[in-house]
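# Take this sequence and fold it.
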Amino acid sequence: MLRIILAVIWITFIFSGNLHAAQSTITEAEGYSCAGDDKSRKQTELAAMSEAKRVAVEYAVSYVKSETRIKDYQVEKDIVQAYSNATVKVIESKESKWYKDERSGDCFRVKIKAEIIPDEKAMTSLASNQSAADDPALPLSINVWTDKKQYKNKEQIKIFLKGNRPFYARVLYVNVKGESIQLLPNPTRSDNYFNGGVVYEIPSGNDRFELEVSPPFGEEKILVYASSTELGNINIQAAGSVYEVKTDSKDVGVKTRGIQLKEKAGGTKPAESFFESKVTIKTLP
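Next up, the predicted model:
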């Protein structure tokens, strides 16, 4: 079996000191604005983008309400408030054009794919409650941890994943040189769908590799991307029982967020849950 060089991973849980985790919703929205007599073309374009972001937040709030079945009124209120105060990150500007309106004259329309990131403090407070973090009625949340606090040279490492609801995932290992390896899915374990409430182990099952600590030592990372739907594609190349990531590291997150959004039943605007975790890892000789 292929032995992958890995570093020490400190045992962590969501939102602990050496784990960064972010919960979000990805959706598409449109914004419009007309120049009139008081706005320049640049101001009109900015106004349309601002409108698209506002609408995207509204879609995200509606999605969270419809996709979760929260029994605790205060928890529901906190989540909705966190999304209402969200940060909007434009993933892709899908369409932008000027057009003539009979009444308003020159107008601008923009369509965006956006990631709605709820207020971090509010979500951190919620995630600190373990029972809440495991609740399938809440938005998607992924817990990532290992079997020991630290590993020495030649020791083997186990990574564990658990989501509060079903999810698709991509697990990457980034070494001290900044090179990325995709641990999951891999050539012998193509299924990246996981049930909620179940602890999954990496490596295990059909995996044909082990994670063994070996020099060079230094800070490295494990990245976990998860979503309620299939993740966007990145450029990979088979390297034994894992994949070598060919996509530039700065583009991996964006491309992974390139999920396909579909209209929901009842005409609900398309939106999907997304979750990203980054575990800081270290080595010991």
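
# For the protein, name the helix or strand with the lowest mean pLDDT.
Ranking every helix and strand in the chain by mean pLDDT, DSSP states H and E puts strand 8-9 at the bottom, with a mean of 31.

# Could you point out the helix or strand that follows that strand?
strand 19-34 (DSSP states H and E).

# and that following strand, average pLDDT?
Strand 19-34 carries an average pLDDT of 86.

# mind starting the numbering at 5 from now?
I'll keep to 5 as the first residue from here, and by that count the last item is strand 23-38.

# who does that strand touch, helix- and strand-wise?
helix 45-71, strand 91-105, strand 109-121, helix 124-131, strand 146-150, strand 275-286 (3 or more Cβ pairs under 8 Å, 6 or more residues apart in numbering; DSSP states H and E). Backbone N, C-alpha and C define where each C-beta goes, glycine included.

# is it possible to export these to a markdown table including mean pLDDT and mean neighbour count?
What follows is these, written out as a markdown table (pLDDT from 0 to 100; neighbours: other Cβ atoms under 10 Å):
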| stretch | mean pLDDT | mean neighbour count |
| --- | --- | --- |
| helix 45-71 | 91 | 19 |
| strand 91-105 | 93 | 13 |
| strand 109-121 | 94 | 20 |
| helix 124-131 | 69 | 17 |
| strand 146-150 | 85 | 22 |
| strand 275-286 | 86 | 22 |
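
# With distance to residue 239 added, can I get the ones you listed in a markdown table?
A markdown table is the format used below for the helices and strands packed on strand 23-38 (distance: least, Cβ to Cβ, whole Å):
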| stretch | distance to residue 239 |
| --- | --- |
| helix 45-71 | 28 |
| strand 91-105 | 18 |
| strand 109-121 | 20 |
| helix 124-131 | 31 |
| strand 146-150 | 24 |
| strand 275-286 | 19 |
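
# Figure out which of the ones you listed is closest to residue 184.
strand 275-286 (12.3 Å; Cβ to Cβ).

# and the closest one, which strands flank it?
strand 12-13 (antiparallel), strand 23-38 (antiparallel), strand 224-231 (antiparallel) (DSSP bridges).

# so of those, which one's packed in deepest?
strand 12-13 (a mean of 26; mean count of other Cβ atoms under 10 Å).

# before we move on, the earlier item: do you know which of the strands paired with strand 275-286 lies nearest residue 275?
Comparing the strands paired with strand 275-286 by Cβ to Cβ, strand 23-38 comes nearest, at 3.8 Å.
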